[in-house]
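>>> okay, predicted coordinates and the sequence, questions at the end:
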Amino acid sequence: MSHTIRDIATALGAEAAGNLDLRVTRAAEPQAAGPDDLALAMDPKYAGGLARGKARAALLWQGADWQDLGLEAAIFAPRSRVAMAGLTTMMDPGPDIAAGIHPMTVIDPTARIAEDAAIGPFVVIGAGVTIGPRARIAAQVSIAEGASLGADALILQGARIGARVTIGDRFICQPGAVIGADGFSFVTPERSGVEEIRATLGHREEIRQQSWTRIHSLGAVTIGDDVEIGANACIDRGTIRDTSIGSGSKLDNLVHIGHNVQVGRDCLLCGQVGIAGSSRIGDRVVLAGQCGVNDNIFVGDDVIAGGATKIFTNAPAGRVLLGYPAVKMETQMEINKALRRLPRMAAQLAELQKSVSKP
Amino acid sequence: MSHTIRDIATALGAEAAGNLDLRVTRAAEPQAAGPDDLALAMDPKYAGGLARGKARAALLWQGADWQDLGLEAAIFAPRSRVAMAGLTTMMDPGPDIAAGIHPMTVIDPTARIAEDAAIGPFVVIGAGVTIGPRARIAAQVSIAEGASLGADALILQGARIGARVTIGDRFICQPGAVIGADGFSFVTPERSGVEEIRATLGHREEIRQQSWTRIHSLGAVTIGDDVEIGANACIDRGTIRDTSIGSGSKLDNLVHIGHNVQVGRDCLLCGQVGIAGSSRIGDRVVLAGQCGVNDNIFVGDDVIAGGATKIFTNAPAGRVLLGYPAVKMETQMEINKALRRLPRMAAQLAELQKSVSKP
Amino acid sequence: MSHTIRDIATALGAEAAGNLDLRVTRAAEPQAAGPDDLALAMDPKYAGGLARGKARAALLWQGADWQDLGLEAAIFAPRSRVAMAGLTTMMDPGPDIAAGIHPMTVIDPTARIAEDAAIGPFVVIGAGVTIGPRARIAAQVSIAEGASLGADALILQGARIGARVTIGDRFICQPGAVIGADGFSFVTPERSGVEEIRATLGHREEIRQQSWTRIHSLGAVTIGDDVEIGANACIDRGTIRDTSIGSGSKLDNLVHIGHNVQVGRDCLLCGQVGIAGSSRIGDRVVLAGQCGVNDNIFVGDDVIAGGATKIFTNAPAGRVLLGYPAVKMETQMEINKALRRLPRMAAQLAELQKSVSKP
């Protein structure tokens, strides 16, 4: 599939110059670009790469002299990553899922599936499932009884949608994700050591035998519109009400969402983030990779946490966090600086004590 | 499926009052409860919710005045989470796996499967596998050659049970879990940089080229009774003897158990916990989310570790841990308090040095 | 399958003594070994175990007196873990994947598959896929359109190879791994809070509404020779160029590799390691379990990082790291020592201030 420079510029809402009828088939890095590629050179530092490559057209930084760069055509990107979003959307061939329902599938006759859905081989769809228009469901997916998916769902290989899970429109689910496993919720007949320590912050009266009784998950998972879930990520069912993920939120690979958790709208939860049971995450929260959120706490709107931050207590709206345990990012940066000097401080303090205690 | 208040109270071993023949079909939060729901209001703070909802029956805190709350019937829960365990067990419809063996499965003729097993579509079962009575095996599961499962197994979608893995009774396996992948064990012909650093705690004589030769895993995994494994969790095979998980232990989503690890009985390993190769975990150990355990160490019975604790050295029985590296929780709380004052301490120390060094 | 002591010694390049025609069928720990097992006793501390077990032959430490240990034959291992590599390779029966292509598979007619490939049930192989000689592909695997695998691939149950992924020879892929999910790359039309904080290190001018637009992944994943990927690990596609994993590198379970990441040759990335987008990892880098690497940074050749190290900034070649944030391992050990004394230091400092400020 090829596109004219004109079509691409129009799609991006960007200005273009030169031969607008030139066609390109792929996007490429400047030095690797061939004559049919659109080189991506949205910063002057790529000028050298353009010279080494063979591109005739490029996506350039604002104000670039395209003719001097030896190009036949150019598109000018005002904000480069936004342009990348538009361009990659145009050029992504998408997964190869044949139209219609593959004969080697097991679909319950009570499932209601839009006529234009594409469903790959070895897919299993349970009783009472609803699947909206234009769904694309790749090989080996399972969608359990009573689940419902809105329009334009894209469910990739081997993803698992659990019973009674409700999902909005334009859902994207990467391979191997599990939405709707049972919550991890166990109780001991007597007060457990964990309950005691939570009350005493570390002190234990006595150690007792204890074994665990399961609390089943009667709730499911509710997911809004425009949500994307990463590969092998896991979202557990709620105990009574549903675990929920708000519209516009994106979860990366291997993210873990415990039972009853409520994630707000337009959040970004990066790779390997974990949120323990019953916590609430506000809107537009961004948690960098490997962050952790304690159970039963609240993380306010617009909180941003740096990599591997571990949030143990409620975080007010707008707070920028870092560290284990999480504190304000600015504070943590100060702490980190002081920590590197800490061994020296210890020596200085000892020295000082000696000199002061001298008569 | 509906239950009378009498039946529920009997199942929970709890007292009840009012119209014991009233039937409820679902459990619900008080404010969301309809007239056929059992409202869950095990704390006085839910009284307002009951008033806003439409429940006629509720599971109430000990001593609640059910008539004053406008109810027709009530059950009194002495320990609310224990009541939840009983109630949710009663009300969980369980996964929809049709009786019998689905025709679209590949089951080796030498596998011995209890006659009452329910096995879903696209399941693969290898040679010599043994599966006990009342097993429920959901779609797309694989159980490799020589594996054996006790009675009442519930294996959910896409879980992978490896060759020669041995599992006890009442096993629950969430979707996508992998039990019995090969261990991560590699060696270099010469002493590797890692071996050198372990000996010297950080110092390296010289850097050598090195490439990795694989140590294969001849052992398997042995799992006791009443174990539950979370979604997309991974348990590796042992090198010679089996990796083992003791009876009653529960592992949450995305937990990683390295080769040769021995986990004791009645442990709780929460989301994203990782245990490196050859470590031993005692009985009743509780590791909160994202904890890590170093390889080749011992974590004693009844150890409890807070969120994201990283345990590098042996931990004695009963110890309560927190931090990176793990120290006693009480100590870590003191350290955390001091850390927040550390930048100020550094300034004070500098100030003090100046004033003391002044003649 | 049994082996003579002579054959094993030859395979290991090791010396042997006694009845070299004695046959053994399994490797076992000394105390658990039966008369047909080869006991593994590569350290004098196992002598007692040998006495308690029934082995007639053993793999012994250099210089052991095999006759005094009551054995009929012995092999002497100069470097025990290297011997384990050779021995376990010999004795591993490997997964049971029947020769040929199982009839219950869906393989696109344009796929080019070596004639001697073994492909299990419910496997899906897309258009234009290339699979080299002696491939073994277990049940329920999917290999999407245009992917290519070299010789001797072993792909275990339910692994997912994405479209246009290129993989070298002798690839081993554990169950559930996902190679080639879409990258986690989103942009806001206006500058996002995250971009602002990266520039200001924690300070925010104002909080704006923001929702996320997807940058699609047009690149794929390129993997060299002799690579192994762990169970449920995830490697994302690149945006324009491929994400890449160098020859000889080994990734453990639940490892996350973000889009555009370049991992060098002969690296070891242990369980649950995460590498954020666009970072470059050199050759022979070893990251212990739960390490994290920030996005867009460079980790030099031969870097070794201890458990749960979080690397936020470029790390020079050969550096040995530990901590959150990562510092030199030696420095972190000093910091950790000082941290345990920190509460006491705080008290001492306060005391000193008092005594100094006294007139």
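Structure received.

>>> near chain B, which residues of the stretch 251-359 of chain A are found?
Residues of the stretch 251-359 of chain A lying close to chain B by Cβ under 8 Å from any Cβ of the partner chain are A:254, A:256, A:258, A:272, A:274, A:276, A:290, A:292, A:294, A:310, A:312, A:324-325, A:327, A:331, A:334-335, A:337-339, A:341-342, A:345, A:348-349, A:352, A:355-356. For the C-beta atoms, the positions are set from N, CA and C on the backbone; glycine is no exception.

>>> which among the residues you listed end up buried?
Neighbour counting by 16 or more other Cβ atoms under 10 Å in any protein chain shown classes A:254, A:256, A:258, A:272, A:274, A:276, A:290, A:292, A:294, A:310, A:312, A:324-325, A:327, A:331, A:334-335, A:338-339, A:341-342, A:345, A:348-349, A:352 among these as buried.

>>> buried set for the helix or strand hosting residue A:179?
Following DSSP states H and E, one finds residue A:179 within strand A:178-181. Using 16+ other Cβ under 10 Å as the burial criterion, the residues of strand A:178-181 that qualify are A:178, A:179, A:180, A:181.

>>> hmm, that strand in reach of chain B?
Yes - using Cβ under 8 Å from any Cβ, strand A:178-181 reaches chain B at A:178, A:181.

>>> for the helix or strand following that strand, the distance to its chain's centre please.
Moving toward the C-terminus from strand A:178-181, the first helix or strand encountered (DSSP H and E) is strand A:186-187. Centroid separation for strand A:186-187 versus its chain: 30 Å, with Cα atoms, centre = their mean, to the nearest Å.

>>> low-confidence regions, chain A specifically.
Segments of chain A classed as low confidence (criterion: pLDDT under 70) are A:358-359.

>>> okay, the angle between the longest helix along it and helix B:342-357?
Scanning chain A for the helix with the most residues, using DSSP state H, yields helix A:342-357. Helix A:342-357 and helix B:342-357 are oriented at 40 degrees to each other (axes from the mean of the first three to the mean of the last three Cα atoms, to 10 degrees).

>>> hmm, back to that, out of the buried ones among the residues of the stretch 251-359 of chain A next to chain B, who's near chain C?
Checking those against chain C (Cβ under 8 Å from any Cβ), the matches are A:254, A:272, A:290, A:324, A:339, A:342, A:345, A:349, A:352.

>>> now what about the longest helix of chain A, what contacts it?
Under the contact criterion Cβ atoms under 8 Å, 6 or more residues apart in numbering or on different chains, helix A:342-357 has outside partners A:338, B:342, B:345-346, B:349, B:352-353, B:356, C:331, C:334-335, C:337-339, C:341-342, C:345, C:348-349, C:352, C:355-356.

>>> go again with 7 Å.
B:346, B:349, B:352-353, B:356, C:334-335, C:338-339, C:341, C:345, C:348-349, C:352, C:355-356 (Cβ atoms under 7 Å, 6 or more residues apart in numbering or on different chains).

>>> around chain C, which positions in the stretch 1-150 of chain A sit nearby?
Residues of the stretch 1-150 of chain A lying close to chain C by Cβ under 7 Å from any Cβ of the partner chain are A:27-29, A:40, A:81-82, A:84-85, A:88-89, A:91-92, A:95-96, A:104, A:121-122, A:139-140.

>>> now these: which count as buried?
Looks like those have A:27-29, A:40, A:81-82, A:84-85, A:88, A:91, A:95-96, A:104, A:121-122, A:139-140 buried, using 16+ other Cβ under 10 Å.

>>> surely residue A:174 and residue A:157 touch.
No - contact criterion Cβ atoms under 7 Å: residue A:174 and residue A:157 do not qualify, at 9.0 Å.

>>> neighbour-wise, which of the two wins?
residue A:157 (33 against 29; other Cβ atoms under 10 Å in any protein chain shown).

>>> what sits against that one?
Residue A:157 neighbours (Cβ under 7 Å, 6+ apart): A:138, A:139, A:140, A:175, C:142, C:160.

>>> measure the first one to residue A:155 for me?
Between residue A:138 and residue A:155 the distance, using Cβ to Cβ, to the nearest Å, works out to 6 Å.

>>> just the buried residues of stretch A:186-195, please?
Result for stretch A:186-195 [16+ other Cβ under 10 Å]: buried residues A:186, A:187, A:188, A:192, A:193, A:194.

>>> from these, which is closest to chain B?
residue A:187 (4.1 Å; Cβ to the nearest Cβ).

>>> which element is the closest residue to that closest one other than its chain neighbours on?
Nearest residue to residue A:187, sequence neighbours excluded (Cβ to Cβ, 6 or more residues apart in numbering or on different chains): residue B:81, at 4.1 Å. Element membership for residue B:81 (DSSP H and E) is helix B:80-91.

>>> the stretch 151-300 of chain A against chain C: which residues are in contact?
By the rule Cβ under 7 Å from any Cβ, the part of the stretch 151-300 of chain A lying against chain C is A:157-158, A:174-176, A:230-232, A:248, A:250, A:252-254, A:266, A:268, A:270-272, A:284, A:286, A:289-290.

>>> okay, and which of the residues you listed map to strands?
A:250, A:268, A:286 (DSSP state E).

>>> so residue A:46 lies in a helix, does it not?
Yes - counting by DSSP: H, G, I helix; E, B strand; the rest coil, residue A:46 is located in a helix.

>>> that one reaches residue A:30, doesn't it?
Yes - Residue A:46 sits in contact with residue A:30 when judged by Cβ under 7 Å, with a separation of 4.8 Å.

>>> more neighbours: which of these two?
Each of residue A:46 and residue A:30 has its neighbours counted (other Cβ under 10 Å); residue A:30 has more, 25 against 22.

>>> excluding chain neighbours, what is closest to that one?
With Cβ to Cβ, 6+ apart, the residue lying closest to residue A:30 is residue A:49, at 3.2 Å.

>>> I'd guess that neighbour is in a helix, am I close?
Yes - counting by three-state DSSP, residue A:49 is found in a helix.

>>> for it, give its distance to chain C.
12 Å (Cβ to the nearest Cβ, to the nearest Å).

>>> and that residue, what is it in contact with?
A:29, A:30, A:31, A:41.

>>> among those residues, list the two that are farthest apart in space.
Spanning the widest gap among the contacts of residue A:49 are A:31 and A:41, at 9.7 Å by Cβ to Cβ.

>>> those two - which one has more neighbours?
residue A:41 (29 against 16).

>>> touching, the more buried one and residue A:57? I think so.
No - between residue A:41 and residue A:57 there is no contact under Cβ under 7 Å: 10.4 Å.

>>> tell me the phi and psi of residue A:3?
phi -130, psi 150 (degrees, to the nearest 10).

>>> ugh, wrong one, residue A:270
Dihedral angles for residue A:270 - degrees, to the nearest 10 - are phi -80, psi 180.

>>> who touches it in this structure?
Residue A:270 neighbours (Cβ under 7 Å, 6+ apart): A:252, A:287, A:288, A:289, C:184.

>>> if we use 10 Å, what do you get?
Going by Cβ atoms under 10 Å, 6 or more residues apart in numbering or on different chains, residue A:270 touches A:230, A:250-253, A:255, A:286-291, A:305, A:307, C:184, C:256, C:258, C:274, C:276-277, C:295.

>>> sounds good, over and out.
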